[in-house]
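Visitor: fold the following for me, if possible:
(one chain, ligands or ions: 1)
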Amino acid sequence: MAILKIARMGHPVLSRPAEPVADPTAPEIARLVDDMAETMDDIGGRGIAAPQVHVAKRVFIFRVPSDAAEAENGDWSGLEALVNPTVEPLGDERIEDWESCLSLPGLRGWVQRYARVRYRGTTPGGEAVERIAEGRLARTVQHEFDHLDGILYPMRMDDLSKLIFASELPHHGAAWVGRDRAVA
Ligand code: NI
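Guide: Here you go, the predicted model:
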């Protein structure tokens with residue numbers, strides 16, 4: 001296991017589509033996922049995509065709560081690792097909330113995301129996964145998937161005046177100051 005260097009906005013690996021993985025069960029993919037998990041946990045993230053560690057492959061991981069109550073309390077513990085994932089919205093409902101990214105350290109943006117999505121993928125163990133995510137977890141899944149297509153969250157924003165440094169959030173009172181937001 002190793003802690004990997006995280007690419008920051010401006011590095012070309014973050015702005016181009018990542019390549020599909022020919023064999024999700026290849027040992028190099030298991031090793032990559034282990035290193036991504038160690039890197040994510042070291043920095044206190046909830047999710048990370050392979051391009052963020054300079055690997056242009058369609059792999060991302062995220063931490064998941066065991067139930068909705070834990071999600072609201074920020075108590076996420078399980079790990080989901082997906083190779084060649086797909087994400088599709090379920091319904092038209094969208095939710096706006098603060099979002100952050102390990103590749104844009106210190107920043108927060110107000111981003112609209114689908115409230116419910118279905119995601120599919122293959123685990124490094126070769127298991128086919130199909131699950132539904134809602135709320136903050138759905139936001140994380142959409143954020144990570146975007147990384148595989150070279151999209152960073154500011155590119156999803158309608159109002160760039162709400163791209164700010166997290167340290168300035170307190171100037172905006174209760175309306176802008178939320179709980180700790182997922183870093184991905
Ligand atoms: Ni990110």
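Visitor: just the buried residues of stretch 163-175, please?
Guide: Across stretch 163-175, burial judged by 16 or more other CB atoms under 10 Å covers I164. To be clear about C-beta, it is placed using only N, CA and C from the backbone, and glycine gets the same treatment.
Visitor: so where do the strands sit in the protein?
Guide: Here the chain has its strands, by DSSP state E, at 47-49, 59-64, 78-89, 94-99, 107-114, 116-122, 128-134, 163-165.
Visitor: from the protein, which residue is nearest to the ion?
Guide: As assessed by CB to the ion, the ion sits closest to C101 within the chain, at 3.2 Å.
Visitor: tell me what angle the longest helix that the chain contains forms with strand 59-64.
Guide: In the chain, taking DSSP state H as the definition, the longest helix is helix 27-43. Taking axes from the mean of the first three to the mean of the last three CA atoms, to 10 degrees, one finds helix 27-43 and strand 59-64 inclined to each other by 40 degrees.
Visitor: returning to that earlier point: deepest in the core, which of the strands of the chain is it.
Guide: Comparing those by mean neighbour count (mean count of other CB atoms under 10 Å), strand 47-49 ranks first with a mean of 28.
Visitor: mind putting the strands of the chain in a markdown table, distance to D23 and mean pLDDT included?
Guide: Conversion of the strands of the chain to a markdown table gives the following (distance: least, CB to CB, whole Å; pLDDT from 0 to 100):
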| stretch | distance to D23 | mean pLDDT |
| --- | --- | --- |
| strand 47-49 | 19 | 97 |
| strand 59-64 | 12 | 95 |
| strand 78-89 | 9 | 97 |
| strand 94-99 | 32 | 92 |
| strand 107-114 | 31 | 95 |
| strand 116-122 | 10 | 98 |
| strand 128-134 | 14 | 95 |
| strand 163-165 | 39 | 95 |
